[in-house]
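Enquirer: Provide a 3D model corresponding to the input given below.
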Amino acid sequence: MKLSIDYKDDFKIYNVKFDNLADLYYYLKSNPRVNFDIFKEQSSITGSYEFAGDNLKKSIEYIVGGYNRGFNNFLVASERMQNATLDVSDNRSLRRGLYGGIPLAPLVAAEVPECMLKYDRKKEGCIRNMYFSLSYPHYVDDGEIFNRGLATLYIIDALEKQGDIVNFIARETSSCGDEIVNIEVVLKKPSDIMLDIKKCYFPLTGREFLRRILFRVLESMPVENNWSWGYGRTVGEASLRKLYNLRDSDYVISTPNEIGINGSDIYRDTARLIENLNLKEEFDVPKIKKLIR
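Expert: Numbering: from 1, shown residues only. Sure, this is the predicted structure:
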């Protein structure tokens, strides 16, 4: 974990960066000191199941695996939409190697040297920077959180199969008075061959990730304002772009209400996200809309 404090437009900004999910996991497992001056009661622990989901201890373990709530729904929806997107060939090829990649159990057991399965790109595509807002207002429900996450995973996976390279960063950015806390987790670097959908599934679809995991990170920050009252206000897309000098070509997946996701139908919400991100040339949106029930 890296913490830096900056000042901009009369705001004191706490920038918290985790290089990957493992970095976040080990930070929380170290039981970082709570800022008791501000957080006399920790919502990461006391939050109800209805609001924050499974308890903090279990949620921390979800970071490294085991969270599969609704995952089969994603697989079904993704498969149906796979036939509703533009016809493209998969830009990834498989090869065996000595190091890295996925271990092949039979070859490992047989002590075969080249026992690792790795993905390579057949050709290099354009690099797309995508920023996913982990923050959302308290009234956002599970369906909106879930559909936004599923739609995002589907879109990134499809873009990479077409040959694009996605730099995928998740952010929780909130304000309280003249303070801003920005918690950043790198989910995929351009050097990574493919998006690890299973790994990203919990951060993008589980309400526990914000209301247990990131609340616990916030509780360890040296903030001075009264963050315990509501844990701050979500910073919207326009302010985010200005705050971090994002380019027009950078994609921001904002809060569900900002991008028109209501959680009622995964196909409708996916079409809306594609349109919001101005990716209609890469996807056949009318075909996806035909799947709406």
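Enquirer: Low-confidence bits of this protein, can you list those?
Expert: Under the criterion pLDDT under 70, the flagged ranges of the chain are 83-125.
Enquirer: Tell me which stretches of it form helices.
Expert: 21-29, 43-46, 49-52, 56-62, 71-82, 105-109, 142-161, 197-205, 207-208, 215-219, 237-243, 266-276, 285-289 (DSSP state H).
Enquirer: and the ones you listed as a markdown table, adding distance to K2 and mean neighbour count?
Expert: Every C-beta, even on glycine, is put in place using the N, C-alpha and C of the backbone. Below are those laid out as a markdown table (distance: least, CB to CB, whole Å; neighbours: other CB atoms under 10 Å):
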| stretch | distance to K2 | mean neighbour count |
| --- | --- | --- |
| helix 21-29 | 9 | 17 |
| helix 43-46 | 21 | 18 |
| helix 49-52 | 26 | 12 |
| helix 56-62 | 20 | 18 |
| helix 71-82 | 31 | 15 |
| helix 105-109 | 35 | 10 |
| helix 142-161 | 25 | 22 |
| helix 197-205 | 18 | 20 |
| helix 207-208 | 24 | 24 |
| helix 215-219 | 12 | 23 |
| helix 237-243 | 18 | 15 |
| helix 266-276 | 30 | 22 |
| helix 285-289 | 39 | 16 |
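Enquirer: Pipe those helices into CSV and attach distance to F132 per row.
Expert: Formatted as CSV, those follow (distance: least, CB to CB, whole Å):
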stretch, distance to F132
helix 21-29, 13
helix 43-46, 21
helix 49-52, 20
helix 56-62, 17
helix 71-82, 16
helix 105-109, 33
helix 142-161, 6
helix 197-205, 7
helix 207-208, 15
helix 215-219, 16
helix 237-243, 11
helix 266-276, 11
helix 285-289, 20
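Enquirer: Mind checking these for the one nearest to D37?
Expert: Smallest distance to D37 across those (CB to CB): 11.1 Å, for helix 215-219.
Enquirer: Run through who's touching that closest one.
Expert: Residues outside helix 215-219 that contact it (CB atoms under 8 Å, 6 or more residues apart in numbering): 16, 24, 27-28, 32, 34-35, 39, 42-44, 47, 52, 56, 174, 181, 183, 227, 231-232.
Enquirer: try it again with 6 Å
Expert: If you take CB atoms under 6 Å, 6 or more residues apart in numbering as the criterion, helix 215-219 is touched by V34, F39, Q42, S43, S44, V181, I183, Y231.
Enquirer: ditto for stretch 138-155
Expert: 74, 78, 197, 204-205, 207, 253, 256, 261, 263, 266, 269-270, 273.
Enquirer: can you name the two of those that are farthest apart?
Expert: The farthest-apart pair in the contacts of stretch 138-155, when distances are taken by CB to CB, is S78 and R207, at 21.2 Å.
Enquirer: circling back: out of the contacts of helix 215-219, flag the one nearest to M130.
Expert: Nearest to M130 among the contacts of helix 215-219: I183, at 16.9 Å, using CB to CB.
Enquirer: Can you verify my assumption that the closest one contacts Y14?
Expert: No: using CB atoms under 6 Å, I183 is not in contact with Y14; the gap is 8.6 Å.
Enquirer: which of the two has more neighbours?
Expert: Using other CB atoms under 10 Å as the criterion, I183 and Y14 rank with I183 on top: 25 against 18.
Enquirer: Quickly list what the more buried one is bridged to.
Expert: V16, E172 (DSSP bridges).
Enquirer: got the contact list for it?
Expert: Taking CB under 6 Å, 6+ apart as the contact definition, I183 lies against V16, E172, L214, V217.
Enquirer: Please report which of those residues has the highest neighbour count.
Expert: Among these, E172 has the most neighbours (other CB under 10 Å), with 27 neighbours.
Enquirer: For K8, which of the helices of the chain is the nearest?
Expert: Among these, helix 237-243 sits nearest to K8 (CB to CB), with 6.9 Å.
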